[in-house]
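>>> Return atomic coordinates for the entry below.
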Amino acid sequence: MDLKTGETYTISYAMDGLKAKVGDLGQLVKHKLTFFVVLSSVVGYLLAATGEIQWFQVVLLALGGFMITGSANALNEIIERDYDALMTRTAGRPLPSGRMEVTEAVIWAGVMGVAGILLLAFFNLITAVLGAASLILYAFVYTPLKRITPLSVAVGAIPGALPAMIGCIALEGKITLLSITLFGIQFFWQFPHFWSIGWLGFDEYRKAGYKIMPLPSRERDHSIGMYSMIYALFLIPISLMFLFYPGVSNYAVAGLCLAAFGYAVAAWGLFIHNDLARARKLLFTSLFYLPIIQIILLTDKWL
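Residues are numbered from 1 along each chain as shown. This next block holds a predicted model:
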C-alpha cells in the first residue's frame with residue numbers, strides 16, 4: 001500500500017467512525033422525537049407572536065428545546081438500558097448494544113441539560129423553570145414509574161405537553177389562555193398515541209416489565225381502544241377553548257374539532273375490532289393529528 005492510498009484509507013476510516021458516533025448520539029437523544037417536540041415549541045411561539053417575528057429568538061428557542069429534550073431522552077435511555085436490551089425494537093440502541101459507555105452518555109445528557117436550561121433562561125425565568133421541570137419529570141419520575149403503574153402515561157404526558165406552553169411563555173412571559181389550550185391539546189393527544197404504540201409492542205413491553213396500558217391486563221383487550229377514544233374526544237372541548245381566544249377564527253376551531261373527531265374515530269375502530277390494522281391506523285392518525293392542527297392554526301393566523 002503506498003502512502004497516498006494509506007492516507008485515503010485512514011481518512012475514510014475516520015469519517016466512518018465519526019458518522020457512526022454521530023448516528024449513536026442521534027439515537028441516544030432520539031433525534032426524530034426530539035425534533036417533533038421542538039417543532040411544537042416553535043409553533044407555540046409563532047402562534048403567540050404579534051408583529052414581526054424575531055427569528056433569532058426562534059432559533060434560540062429551538063436549540064434550547066432540543067438540548068433539554070435530548071438530555072431527557074438520553075437520561076431515559078441510561079436508566080432503561082438493561083430493559084431496552086430485552087426488546088427487539090430497542091436492543092440496537094447505543095447503550096444496550098455496548099457501542100457507547102454509560103459515562104459518555106451521562107456527560108452528553110448533563111451538558112445538553114445545562115445548556116438547554118441556560119438558553120431558555122435567555123427568555124424569562126418561567127421558561128427556564130418549565131424546561132427544567134420537563135426534564136426532571138420525564139427522566140426521573142415518568143421513566144421509573146413505567147415499571148410500576150399505568151399512571152406513568154399521565155405523568156409522562158406533562159413534560160410531553162410542556163414544550164408548546166414553553167413556546168408561548170418564551171414570548172409572552174406569562175401563562176395565558178393560548179399556552180394553557182396548547183398544553184391541553186398536546187397533553188390529551190399523547191394518551192391514544194402511547195396506547196397505540198403499547199398495543200403494537202404489547203408482548204415486548206410486557207417482557208420488559210413496562211406497565212403503560214390504561215388497565216393492567218395480561219392480553220391486548222378492547223379497553224385500550226375505549227380509553228383511547230375517550231381521551232381523543234377530550235380534545236374537542238379543549239379545541240373549543242380557542243373560541244375565547246381572539247386570534248383564532250371559528251373556521252379554524254371547526255377544523256380542530258373535526259381533526260379531534262377523526263382521531264376519536266380511529267380509536268373507535270381499535271375499540272370495536274381490537275386488531276393490528278386498527279392499532280396501526282390509530283398510530284398513524286396520532287402522528288398526523290398534531291401537524292394538521294398546527295397547520296390549521298398557523299394558516300388561520302397568517303392568512
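>>> and stretch 200-211, how far apart are its ends?
End-to-end distance of stretch 200-211 (CA to CA, to the nearest Å): 14 Å.
>>> now stretch 198-211
Terminal-residue distance, stretch 198-211 (CA to CA): 9 Å.
>>> Could you check it and say which residues are buried?
By 16 or more other CB atoms under 10 Å, the buried positions in stretch 198-211 come out as 198-202, 204-205, 208, 210-211. In short, each C-beta sits where N, CA and C put it, glycine included.
>>> Report all helices and strands that the host helix or strand of Val155 contacts.
Val155 is part of helix 152-172, with elements assigned from DSSP states H and E. When contacts are defined as 3 or more CB pairs under 8 Å, 6 or more residues apart in numbering; DSSP states H and E, helix 152-172 sits against helix 31-48, helix 55-79, helix 125-136, helix 143-145, helix 177-200.
>>> Any buried residues in it, and which?
Under 16+ other CB under 10 Å, the buried positions of helix 152-172 are 152-153, 155-172.
>>> now swap in stretch 78-85 and tell me
Applying 16+ other CB under 10 Å to stretch 78-85 flags 78-81, 83-85 as buried.
>>> Could you export those to TSV, including columns for distance to Gln57?
Putting the buried residues of stretch 78-85 into TSV (distance: CB to CB, whole Å) gives the following:
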residue	distance to Gln57
Ile78	31
Ile79	33
Glu80	34
Arg81	36
Tyr83	39
Asp84	36
Ala85	41
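>>> Let me see the residues that make contact with stretch 227-234.
Contact with stretch 227-234 is made by 188, 191-192, 195-196, 214-215, 260, 263-264, 266-268, 270-271, 282, as judged by CB atoms under 8 Å, 6 or more residues apart in numbering.
>>> Would you list the buried entries among those residues?
By 16+ other CB under 10 Å, those give 188, 191-192, 195-196, 214, 260, 263-264, 266-268, 270-271, 282 as buried.
>>> May I ask which of those residues comes out lowest in pLDDT?
Taken together, the buried ones among the contacts of stretch 227-234 show their lowest pLDDT at Pro214, with 85.
>>> end to end, how far does stretch 78-98 reach?
So stretch 78-98: terminal residues 12 Å apart, CA to CA.
>>> one step back: ok, which pair from the buried ones among the contacts of stretch 227-234 is furthest apart?
Pro214 and Ala260 (18.8 Å; CB to CB).
>>> re earlier: ok, which pair from the contacts of stretch 227-234 is furthest apart?
With CB to CB as the measure, no two of those lie farther apart than Leu215 and Ala260, at 23.3 Å.
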